[in-house]
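Undergrad: mind folding the following:
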Amino acid sequence: MYERYRDNPAAVSEQWREFFSDYKPGDVPKAAPVAPTNGTGASRGATTAAPSSGTRGVDDTFPMRRPANIVPTQEVVAPAPAALTAPSEPEPIRGVGAAIATNMERSLAVPTATSVRQIPAKLLEVNRRVINGYRSRTGQTKVSFTHLIGYAVVRAIVDAVPNMKNVFVADADGKPQLQRHTNVNIGLAVDVDKGGGQRTLVVPVLKGADTLDFLGFVNAYDDIIRKVRTNKLTVDDFQGANVSLTNPGTIGTNQSVPRLMVGQGVIVGVGSIDYPAEFEGSDERALNQLGVSKVVTVTSTYDHRIIQGAESGLFLKAIHDLLLGEHGFYEGIFRSLGVPYEAVKWRVDSNDLEGADLQAHKQMQVATLIRVHRVRGHLIADLDPLRWKAPRMPRELDPLTYGLTIWDLDRE
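TA: Okay, the predicted model is just below:
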């Protein structure tokens, strides 16, 4: 190897060149004896045979350098398994918990089916913002999404699919019968935190919801919730429901297929209000430019013995239409609450992302709208405390006059 290096240093590897750079032939260490490996006899103390001609062997004359600071690998000892604790003795379920368990067992006898519909929540959010802005300025409580969606459920049953409030009953001989209800008595599923990691479910009933305007519905709803929080519910508050509403969306659940109790026709589940999962990691400014709305998923779990899938689908469509402002839904809510403005209306977005001229035109229209509101904004001032006249948006103050819709509100 040294001769090869001497004749042509490039013929050996870099490690050998480094080694031979300060090597002197007289410093060659004596090779350690090794046992023969080819089965032929070899005298003790003999070195290994040179490789045969034509075969590129490995020169064992110079030992490989040992890497420094080598720490032997220590065997990892698995920790001893923790001692398992036996479960506690079963304890009886009493009170409300026992009633819930009994009703859940009985609900297994109800043949149900479920319809699902996803509804854009943009207009719902905008109108709620207008309502709560006015109520906050006048020292009133805020309106929740559950208030608005719950009222839409009631109006959809009354005005579109009244069969949803009917229930299945059996006569003394067990023969099936249909019981038609005149009123909508809606059970409100409320989660109660009992502390210590324990929770329970109560379902008080808001009776005659179909006879109430929106303000009456909000007051009755809040009164029931107040009774729940102060533990003042009576037995009568739990009786008579033919429809139920549950809102697991308040804790982030996207959609729910709840259990339908005996004696009811339908239970409506309301999911969270958020962007679809595929947009969860997107920049909100980009979503505003694209016109992507948050959505809410509504489910209808119904008694299939008396309600058919088409009726459930029409019921969800009616809720969809109401939350998009059809049939004067938000106008009626604004009048009931005494909000002195016109309700915001649903419009299809118009926003050409690649059209620079359109974007510039919109910017000019926004500037014009701002200037007009500075000059003529007094025309929408609240100067009619007796509400003799219905509020009217002057054309020159209406964003629609300038080609602007609810989708432009959050754009920069």
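Undergrad: C-alpha only now, for contacts and for neighbours.
TA: OK.
Undergrad: could I get the phi/psi values of the most centrally placed residue in the chain?
TA: Geometric centre of the chain, nearest residue: Asn254, 4.8 Å, by C-alpha atoms, centre = their mean. Backbone geometry at Asn254, expressed as degrees, to the nearest 10, gives phi -70, psi -40.
Undergrad: and the nearest residue to it once chain neighbours are set aside, what helix or strand is that in?
TA: Once flanking residues are discounted, Asn254 sits nearest to Gly271: 4.5 Å by C-alpha to C-alpha, 6 or more residues apart in numbering. Following DSSP states H and E, one finds Gly271 within strand 266-274.
Undergrad: tell me which strands that strand pairs with, and in which orientation.
TA: In the sheet, strand 266-274 lines up against strand 243-246 (parallel), strand 295-303 (antiparallel) (DSSP bridges).
Undergrad: among these, which is the most enclosed?
TA: Among those, ranked by average contacts under mean count of other C-alpha atoms under 10 Å, first place goes to strand 243-246 (a mean of 26).
Undergrad: hey, C-alpha coordinates of it in CSV?
TA: The C-alpha trace of strand 243-246 is given here as CSV (Å, rounded to 0.1, in the frame of the first residue of the first chain):
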residue,chain,number,x,y,z
VAL,A,243,-90.2,18.4,20.0
SER,A,244,-86.7,18.8,21.5
LEU,A,245,-83.6,21.0,20.8
THR,A,246,-80.1,20.1,21.8
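Undergrad: what does that strand contact?
TA: Here strand 243-246 makes contact (C-alpha atoms under 8 Å, 6 or more residues apart in numbering) with 150, 164-165, 184-190, 258, 264-270.
Undergrad: roughly how far does Thr368 sit from Pro276?
TA: Distance from Thr368 to Pro276, counting by C-alpha to C-alpha, to the nearest Å: 35 Å.
Undergrad: can you tell me which helices and strands the helix or strand harbouring Ala101 packs against?
TA: Element membership for Ala101, per DSSP H and E: helix 96-107. With contacts taken as 3 or more C-alpha pairs under 8 Å, 6 or more residues apart in numbering; DSSP states H and E, helix 96-107 sits against strand 198-202.
Undergrad: strands paired with the strand it packs on, and their directions?
TA: Strand 198-202 pairs in its sheet with strand 190-195 (antiparallel), by DSSP bridges.
Undergrad: average pLDDT for the strand it pairs with?
TA: Across strand 190-195, the average pLDDT comes to 86.
Undergrad: what are the bridge partners for Gln118, then?
TA: So, taking DSSP bridges as the rule, Gln118 has Thr297 as bridge partners.
Undergrad: which residues sit against the helix holding Ala101?
TA: Applying C-alpha under 8 Å, 6+ apart, the contact partners of helix 96-107 are Thr200, Leu201, Val202, Arg259, Leu260, Met261, Val262.
Undergrad: adding distance to Ser115 and mean pLDDT as columns, could you present the strands paired with strand 266-274 in JSON lines?
TA: Listed next are these as JSON lines, based on distance: least, C-alpha to C-alpha, whole Å; pLDDT from 0 to 100:
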{"stretch": "strand 243-246", "distance to Ser115": "15", "mean pLDDT": "97"}
{"stretch": "strand 295-303", "distance to Ser115": "5", "mean pLDDT": "97"}
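Undergrad: now tabulate those strands in a markdown table and tack on distance to Ala109.
TA: As requested, the strands paired with strand 266-274 are exported to a markdown table (distance: least, C-alpha to C-alpha, whole Å):
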| stretch | distance to Ala109 |
| --- | --- |
| strand 243-246 | 17 |
| strand 295-303 | 10 |
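Undergrad: Lys232: which of those strands is closest?
TA: Across those, Lys232 has its closest neighbour in strand 243-246 (20.6 Å, C-alpha to C-alpha).
Undergrad: roughly how far out does that closest one sit from the chain middle?
TA: Mean-position distance between strand 243-246 and its chain equals 21 Å (C-alpha atoms, centre = their mean, to the nearest Å).
Undergrad: can you check stretch 333-345 too?
TA: 30 Å.
Undergrad: likewise stretch 200-220?
TA: With C-alpha atoms, centre = their mean, you get 27 Å for stretch 200-220.
Undergrad: and that stretch, end to end?
TA: 22 Å.
Undergrad: buried ones in the helix holding Ala101?
TA: By 16 or more other C-alpha atoms under 10 Å, the buried positions in helix 96-107 come out as Ile100, Ser107.
Undergrad: strand 198-202 and that one, what's the angle between them?
TA: Helix 96-107 and strand 198-202 are oriented at 60 degrees to each other (axes from the mean of the first three to the mean of the last three C-alpha atoms, to 10 degrees).
Undergrad: residue contacts, Tyr134?
TA: Going by C-alpha under 8 Å, 6+ apart, Tyr134 touches Val339.
Undergrad: mind doing that once more with 10 Å?
TA: Residues near Tyr134 by C-alpha atoms under 10 Å, 6 or more residues apart in numbering: Arg128, Gln140, Lys142, Leu337, Gly338, Val339, Pro340, Tyr341.
Undergrad: now, these that are in strands?
TA: Per DSSP state E, strands hold no members of the contacts of Tyr134.
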